[in-house]
Every structure is written in C-alpha cells, then in structure tokens.
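Student: Quick one: sequence and predicted model below, then my questions.
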Amino acid sequence: TQLLEQSPQFLSIQEGENLTVYCNSSSVFSSLQWYRQEPGEGPVLLVTVVTGGEVKKLKRLTFQFGDARKDSSLHITAAQPGDTGLYLCAGTGAGSYQLTFGKGTKLSVIP
Amino acid sequence: DAGVIQSPRHEVTEMGQEVTLRCKPISGHDYLFWYRQTMMRGLELLIYFNNNVPIDDSGMPEDRFSAKMPNASFSTLKIQPSEPRDSAVYFCASSGLWGETQYFGPGTRLLVL
C-alpha cells in the first residue's frame, strides 16, 4: 500500500506570510495532485504534476514534484484569508489512476 | 453544469438502522467514485464504477456496505446495519475518462449514534 504523509498537520499563520507544506512517501508515484477542500465541500483539484523535478505555478501557489517522484511541496506566497482550507495531496501509482490521498494540512490564515 | 449532487447533506441515525446515500454524477461522465473521509484515516476510496459497472470494491470496509449504479445518472451507497464507527463524511466523485480530473460532490455527513 502506498502511503502519503503530509506535514504539518495544522498550520496557522498571519495574512501576508509565506508557507510551505509537504507531501512525502517512500513509494514512487506516477503523478501527484494537490487539492484544496473548504469546510462543508468536496476537494477541488488545484494542480497535477507528473515529471520528476516539475514545478508549476498557480498565481501565488508554487507546486514542486521531487526528482525521485516520491515527494512534493506546495509553497504559498503572501497568504490570504481566502487560502484557508484543507490541502490534500493525492498520488497515482504505476499503471493506475486510482488516487491515494494524504490526510491533509489544515491551513488557517488570520487576517 | 450543476456538478456532482449528493443527498442527503446530513444524516443522523441510530445504530442498527439502514442508511442510503445518493449521488448524481456529472452528465456524460463514465466513472463514479465513492470515498469516505475521517480524521483518523483521511480520504479513502471505497468503490468505483465504470459505465455503471462496479470495477473495484476492495475499499469497501465490510459486507454491511453495498453500492449500486442502476443507470448513468444515479448511484447509491447503502450501509445496513449502521454502526457508530461508520460516522464520517461520504463523498461521491465523477470523471469523464480514466485518469481525468475527478469532480467531487459536497459530501454527506453521516452520524451514527
């Protein structure tokens, strides 16, 4: 079973600060996705990374896939209260598109 | 498009009762997924369907859980009998093709007393 460990589990920061959250595994993933989930709603896909070392940017969010495709990070610049939510990473194994999810990082951005 | 629709949004029931959760996927999507989310275990895949046919139910926790998809626009997840440890948020998701983006519904929050 492929497991994804996310850290930190909880993060509370002030508006305007930068932050990085991590998603790590001992297994290699074919692709890795990041989702944001707001209270009372389902997860919404932010980005998919498929190539080792790949970096993708989505406005103030920067996603990186590790060279060995075992880990990923999400960096948020100048966090806003609207960034508050649960950030989930999910990976797919070789030959499969079934998603294995991490437990998430719960981010609170305080105005 | 209305997105994935789930009902009810909240369900409170007593141990031993039957619970039925419902899902309407996005029109035209061929894949439908049922997930369960808890604090302890995170988001877990229970079962998924392709063109109304169950493909992999290895995530279904035990025989008390069953899922059906009688047509392309409707699926149910049933728990009979329910137990307190079944309390969780249950999500339905759909995607157009295998490997494409999965779109999640708002979830059903189930509390079994």
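Tutor: Everything's here; your move.
Student: Can you list the low-confidence ranges for chain A?
Tutor: A:1-2 (pLDDT under 70).
Student: need the residues of it near chain B, please.
Tutor: Proximity of chain A to chain B is confined to A:40-45, A:88, A:90, A:92, A:97-99, A:101-104 under the rule Cβ under 8 Å from any Cβ of the partner chain. Bear in mind the C-beta positions are built from the backbone N, C-alpha and C, glycine included.
Student: run the last query once more with 6 Å
Tutor: Within chain A, the positions lying close to chain B (Cβ under 6 Å from any Cβ of the partner chain) are A:41-43, A:45, A:97, A:101, A:103.
Student: Most neighbours out of those residues, which is it?
Tutor: Highest neighbour count within these, by other Cβ atoms under 10 Å in any protein chain shown: A:Pro43, with 28 neighbours.
Student: Against A:Pro81, how distant is that one?
Tutor: Here A:Pro43 is placed at a distance of 20 Å from A:Pro81 (Cβ to Cβ, to the nearest Å).
Student: quick one: the residue in chain A that chain B sits nearest to from A:Thr92, how far?
Tutor: Nearest residue of chain A to chain B (Cβ to the nearest Cβ) works out as A:Gly42 at 2.9 Å. Remark: distance between A:Gly42 and A:Thr92 (Cβ to Cβ) = 19 Å.
Student: Enumerate the residues of chain B near chain A.
Tutor: Near chain A, when you scan chain B using Cβ under 6 Å from any Cβ, you find B:42-43, B:91, B:98-99, B:101, B:104-107.
Student: Now, of these, which are buried?
Tutor: Neighbour-count burial (16 or more other Cβ atoms under 10 Å in any protein chain shown) is assigned, among the residues of chain B next to chain A, to B:42-43, B:91, B:104-107.
Student: need those residues in CSV with secondary structure and pLDDT, can you?
Tutor: As requested, those are exported to CSV (DSSP: H, G, I helix; E, B strand; the rest coil; pLDDT from 0 to 100):
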residue, secondary structure, pLDDT
B:Gly42, strand, 92
B:Leu43, strand, 95
B:Phe91, strand, 98
B:Phe104, strand, 96
B:Gly105, coil, 97
B:Pro106, coil, 96
B:Gly107, coil, 97
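Student: What lies in contact with the helix or strand B:Val89 falls within?
Tutor: Secondary structure assignment for B:Val89, by DSSP states H and E: strand B:88-95. The set of residues external to strand B:88-95 that reach it, using Cβ atoms under 6 Å, 6 or more residues apart in numbering or on different chains, is A:42, B:4, B:6, B:21, B:23, B:25-26, B:29, B:31-38, B:102-105, B:107-109.
Student: Run through the residues that contact the nearest residue to A:Val49 once chain neighbours are set aside.
Tutor: Closest residue to A:Val49 in three dimensions, ignoring its sequence neighbours and counting by Cβ to Cβ, 6 or more residues apart in numbering or on different chains: A:Phe65, at 3.9 Å. Applying Cβ under 6 Å, 6+ apart to A:Phe65 gives the contacts A:32, A:49, A:54, A:72.
Student: Out of those residues, grab the one that's most surrounded.
Tutor: The member of those surrounded by the most neighbours (other Cβ under 10 Å) is A:Leu32, with 28 neighbours in all.
Student: I'd guessed that one sits against A:Thr48; true?
Tutor: No - using Cβ atoms under 6 Å, A:Leu32 is not in contact with A:Thr48, being 7.3 Å away.
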